[in-house]
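> Sequence and computational prediction follow.
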Protein chains: 2
Amino acid sequence: MSMILDQRRDEILQVIEQQGFVSLQDLVTRFGASESTVRRDLEHLDGIGQIRRTRGGAAYTGESITPFEERFRSASREKQTIGKVVADLIPPGETILLDGGTTTLEVARGLVGKALQVVTNSLPIANLLAQQPNIELILIGGYLYPRTGVALGPLAESALREVHVPRVIMGTGGITEKGLFNSNTLLVQCERMMLEAAKEVWVVADSSKFGKSALAHLCELSKVTRMIVDAGLSDSWREVIRGAGIELTIAET
Amino acid sequence: MSMILDQRRDEILQVIEQQGFVSLQDLVTRFGASESTVRRDLEHLDGIGQIRRTRGGAAYTGESITPFEERFRSASREKQTIGKVVADLIPPGETILLDGGTTTLEVARGLVGKALQVVTNSLPIANLLAQQPNIELILIGGYLYPRTGVALGPLAESALREVHVPRVIMGTGGITEKGLFNSNTLLVQCERMMLEAAKEVWVVADSSKFGKSALAHLCELSKVTRMIVDAGLSDSWREVIRGAGIELTIAET
DNA sequence: CGTATTTTGACTGAAGTTGATTGAATCTGT
DNA sequence: ACAGATTCAATCAACTTCAGTCAAAATACG
């Protein structure tokens, strides 16, 4: 594994995350690599589900970024299953804290029709649940991170300080033995406050996230109470997760 | 200057979603693409059911965005003109605090394309402005009042305590010589915090609001710096408003 | 040091996209 | 109902981007 290669792919991912869309030519000039190389990088990032290739470039689809166009696309089947399973695990009448992200958005979809109190800093999730008569929605405010629709920053953090809930349901950018990662430091800071606000920490992640780290370290595995993952998770990773004292739920179709 | 296919189609979809309808020529000049290309894009978006093609352009047919959406479709012409006039009165680069409501939503529509910092507790306004690249959006969180999509309650109030802006732009339920009124005590409480947070208080109201009171008294007329009203306002009311030391702006078509 | 493996950049024909150009269909004003 | 204008679908050639292949370069490893 060449260091240069991984580094370049990480940086490409960051560029795509920041801009939402990037043309292949842009990446070629930006990194001084050949078309073929960049094309292979995009192919790889598409393979692990972090981006979606389009003719002429690529678009971001990874966690923690929920462009509003996302509503027109369908999330991966894995994420949908995870969303349904998690929603069924939550007892009616509860209060839950819902992190932003594509997987948690699927959880929110699963919650439709239930009687719950939901706290979230995600605009897309708020839009989805605001229409639900049985759901009482509490919005965490703050600086609205463009294109992602997630409220972050000092306002969000001080609002989270006043909130206490039995569970938080979080998405993540990557999971390794060292813990959870996300791609944005501002986001990680806010997610730390979420961890503080909740007794139990549930993490939803599709299996492509395992073994992937990202820019910012969020927390140790020991902070996590429960993980809900799709059936594609390897046996060795199941061992690691259970070995860390985490209750592992596999979301089957 | 060619553009990635998917990106252009997404942006076209966003434009149509926001405006309800666009002409083909408008899209051609906006994206600098040829008629043929735009026409093919519309054909595609029609094919996947997100828009409906019409002669000369296209209309939005996607799943209803939010239940609040219909509110601004049915906004009266008076409110629309007020919105445009107010938006033109705001110098670029400013920070404004935007109250919730149908008239302020029209103000927000007028702000599209400007470079501003906007603070709001209204979910519909946040949805409208979150996608604008030149607008930095700060969301006031809190309990989301279901009917109107406005964040209220203690969380909203403590967030507003940390905010200071040169102007707040407020809607209102009714105006009499005794001051401003609104129909909801929780809302009024929150709006009082907005008054505290701003140096200048601008009130937008269509002329039908004058002479009407409502459940909860918000503040005296003396708190208001400026009012923007449609041309239907009677001379006697104009006297009353100016007599209270308020700068009165009549929004003409 | 030499060999195996991975990564890279150039090249290819294939496939997709674009803008211009047609004549047909539709709209508008009289 | 008519003429003129606009919009449309269909087609085509130029252009761009694509996946696949191969050999050179870089790296890993014994």
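All right, it came through fine. Numbering: from 1, shown residues only, chains lettered A, B, ... in the order given.
> OK, contacts around whatever residue of chain A ends up closest to chain B?
Residue of chain A nearest chain B, by C-beta to the nearest C-beta: residue A:141 (3.0 Å). Yep, even glycine has a C-beta here, placed from its N, CA and C like the rest. Contact analysis of residue A:141 by C-beta atoms under 8 Å, 6 or more residues apart in numbering or on different chains lists A:121, A:151, A:155-156, A:159, B:121, B:138-142, B:151, B:155-156, B:159.
> So which of those residues sit within strands?
Among the contacts of residue A:141, the members falling in strands (DSSP state E) are A:151, B:138-139, B:142, B:151.
> can you tell me which of those are up against DNA strand C?
With respect to DNA strand C, and counting by C-beta under 7 Å from any atom of the strand, no part of the ones in strands among the contacts of residue A:141 is in contact.
> Out of those, grab the one that's most surrounded.
Using other C-beta atoms under 10 Å in any protein chain shown as the neighbour criterion, residue B:139 leads the ones in strands among the contacts of residue A:141 with 32 neighbours.
> Which residue, other than its chain neighbours, is closest to the residue of chain A closest to chain B?
Spatial nearest neighbour of residue A:141, excluding adjacent residues (C-beta to C-beta, 6 or more residues apart in numbering or on different chains): residue B:141 at 3.0 Å.
> mind checking pLDDT for residue A:5?
Here the pLDDT value assigned to residue A:5 is 76.
> quick one: secondary structure of it?
Three-state assignment for residue A:5 (DSSP: H, G, I helix; E, B strand; the rest coil): helix.
> Give the buried residues for the worst-scoring helix or strand of chain A on mean pLDDT.
One helix or strand of chain A scores below all others by mean pLDDT, DSSP states H and E: helix A:3-19, with a mean of 81. Using 16 or more other C-beta atoms under 10 Å in any protein chain shown as the test for burial, helix A:3-19 gives A:8-10, A:12-13, A:15-17.
> same deal with stretch A:195-206?
For stretch A:195-206, by 16+ other C-beta under 10 Å, it's A:195, A:197-198, A:201-206.
> and what of stretch A:84-94?
A:84-87, A:89-90.
> how much space between the residue nearest to residue A:141 and residue A:121?
According to C-beta to C-beta, to the nearest Å, residue B:141 and residue A:121 sit 7 Å apart.
> Mutual contacts of those two, please.
Joint contacts of residue B:141 and residue A:121 (C-beta under 8 Å, 6+ apart) are A:139-142, A:151, A:156.
> what is the mean pLDDT for the longest strand seen in chain A?
Longest strand of chain A, by residue count under DSSP E: strand A:198-205. In this model, strand A:198-205 has a mean pLDDT of 97.
> quick one: strands adjacent to it?
Sheet partners assigned to strand A:198-205 using DSSP bridges are listed as strand A:165-170 (parallel), strand A:226-230 (parallel).
> Would you tell me what the next helix or strand after it is?
The C-terminal neighbour of strand A:198-205 among helices and strands, as given by DSSP states H and E, is strand A:216-219.
> tell me the contacts of the residue lying farthest from the centre of chain A?
Taking C-alpha atoms, centre = their mean, the residue of chain A most remote from its mean C-alpha position is residue A:34, at 31.2 Å. Shown in contact with residue A:34 (C-beta under 8 Å, 6+ apart): residue A:28.
> got it, and the one 5 residues further on?
Taking C-beta under 8 Å, 6+ apart, we find residue A:39 in contact with residue A:24.
> Surely it is within a helix?
Yes - judged by three-state DSSP, residue A:39 forms part of a helix.
> got the CA coordinates for stretch A:135-151 in CSV?
Output of stretch A:135-151 as CSV, limited to C-alpha atoms (Å, rounded to 0.1, in the frame of the first residue of the first chain):
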residue,chain,number,x,y,z
ILE,A,135,-43.6,13.0,16.3
GLU,A,136,-42.6,15.9,18.5
LEU,A,137,-39.6,17.5,16.9
ILE,A,138,-36.9,19.5,18.6
LEU,A,139,-34.5,21.2,16.3
ILE,A,140,-30.9,21.9,17.2
GLY,A,141,-29.9,25.2,15.7
GLY,A,142,-26.5,26.6,14.7
TYR,A,143,-24.5,27.5,11.6
LEU,A,144,-26.1,25.5,8.8
TYR,A,145,-23.3,23.7,7.0
PRO,A,146,-23.9,24.3,3.3
ARG,A,147,-25.3,21.5,1.1
THR,A,148,-25.3,19.1,4.0
GLY,A,149,-28.1,20.8,5.9
VAL,A,150,-26.6,20.0,9.3
ALA,A,151,-26.5,22.6,12.1
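> Show the average pLDDT along that stretch.
Mean pLDDT, stretch A:135-151: 90.
> again, but for stretch A:22-40
Here the average pLDDT along stretch A:22-40 is 93.
> buried set for stretch A:209-225?
A:209-210, A:212-219, A:221, A:224-225.
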